[in-house]
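Enquirer: My questions are about this predicted structure, shown below with the sequence.
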Amino acid sequence: MIKRQLRVDPSYKPCGNEVESTDRIILGCSFARAVWFGSNLSYVMPNSNNPKLSQLLGFWSQLQFPNKKSRMAALYLLSFIVWHLWLARNELAFRDMRYTPEEIIERSQKAFQEFWASCTAPSSAHSNSSNQPVHWTVPPPNRYKLNCDASLPHSASRGGIGGILRNSMARPVMAFSAPEHFLDPFVGEALAVRTGLKATLDGGFENINIEVDNVSLASLLIDESLPVPMSAANIIDDIKILLQNFPFVNISWIPREANDVANSLARKATSLVGRMDWPNSNPWLLDLCQQDALCNACPPLQ
């Protein structure tokens, strides 16, 4: 409207009255950043004052996903978040309706789920395995998979981290829960990976796949050219040094639904006073892993 010489207020109220632009509405302002991080993508926007949607889409192809279906699901969710951020802008501009980041997250993820369900619904009685819900998958033989996660209760400065290493039969060979002090969930996610890598090295395990449900963290570990948040710079440096000790490492992003065990370990840590290295035969741990084992047609865990 400004380009057409119309007299309108150029500021965008959720951005603290900064001048409105498409990239700022969708990515740059604090409102949009809260939506991106709170969504299932857990995406942390770079510290740049002018993040670009083109840059976000540019490094998307560099991310590694468990399979093509997971990649497409993440891209579709990204699209719905962009669309609902734009809708929220229009509702505010033309109808003076205000939404919270939580409401935008709920609306965009609900729309995505409805769309995804229609895309993956079986077209006949003979549906194939690609239509099954997303779940954790076993690593190849002679390789281990490390899953890590962090949990930070609302308005708390003390959270928890958790991680688990499993073999190709879905059996746990290492698992931990540890309380940690952090204010930024991204820092907690990075702490979980660093702790998990140290424990993996101490156990003598070499060939590993690493899975995290935080898009930003996966991106940083895959692409060293991306800017690192100052709050996690030292932790990311430690992780990169630790990775050099492994003959083979593969890093990928997974949906939160496929990271349930690591998430449960992280939430458990918030009620602990110190680190807990779980015995591999612990009934609670085996029960957490049981569903993943069944989804991969592995023998029952006992």
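Expert: Looks like it arrived, so ask away.

Enquirer: check contacts around the nearest residue to Arg256 once chain neighbours are set aside.
Expert: For Arg256, ignoring the flanking residues on the chain, the nearest one in space by C-beta to C-beta, 6 or more residues apart in numbering is Asp213 at 4.7 Å. Heads up, the C-betas are built off the backbone N, CA and C, glycines and all. By C-beta atoms under 8 Å, 6 or more residues apart in numbering, the contact set of Asp213 is Asn40, Ser42, Asp149, Trp253, Ile254, Pro255, Arg256, Ala258, Asn259, Asn263.

Enquirer: Could you rerun that using 10 Å?
Expert: 40-42, 147-150, 189, 253-260, 262-263 (C-beta atoms under 10 Å, 6 or more residues apart in numbering).

Enquirer: Please report phi then psi for it.
Expert: Geometry field for Asp213 lists phi and psi as phi -100, psi 20, criterion degrees, to the nearest 10.

Enquirer: Asp277 too?
Expert: Per degrees, to the nearest 10, the backbone of Asp277 is at phi -100, psi 110.

Enquirer: Distance-wise, check the closest residue to Pro279 other than its chain neighbours relative to Glu224.
Expert: Excluding the flanking residues, the one nearest Pro279 by C-beta to C-beta, 6+ apart is Leu285, at 7.6 Å. Distance, Leu285 to Glu224, using C-beta to C-beta, to the nearest Å: 34 Å.

Enquirer: Repeat that for Ile241.
Expert: 13 Å.

Enquirer: next one: Gly162
Expert: For Gly162, the distance to Glu224 - C-beta to C-beta - is 26 Å.

Enquirer: between the two, who's got more neighbours?
Expert: Taking neighbours as other C-beta atoms under 10 Å, Gly162 and Glu224 compare with Gly162 leading, 29 against 9.

Enquirer: Tell me which of the contacts of Asp213 fall in strands.
Expert: The strands, defined by DSSP state E, take in Asn147, Cys148, Asp149, Ala150, Trp253 from the contacts of Asp213.

Enquirer: Find the pair from those with maximum spatial separation.
Expert: Ala150 and Trp253 (14.9 Å; C-beta to C-beta).

Enquirer: more neighbours, these two?
Expert: Ala150 (32 against 27).

Enquirer: Quick check: closest non-adjacent residue to that one.
Expert: According to C-beta to C-beta, 6+ apart, the nearest residue to Ala150 is Gly188 (3.0 Å).

Enquirer: for Gln64, same thing?
Expert: In space, Gln64 is closest to Ser252, 3.9 Å off (C-beta to C-beta, 6+ apart).

Enquirer: The one you found against Ile222, yeah?
Expert: Yes - between Ser252 and Ile222 there is a contact at 8.5 Å, judged by C-beta atoms under 10 Å.

Enquirer: ok, those two, which is more surrounded?
Expert: More neighbours surround Ser252 than the other of Ser252 and Ile222, with 19 against 16 (other C-beta under 10 Å).
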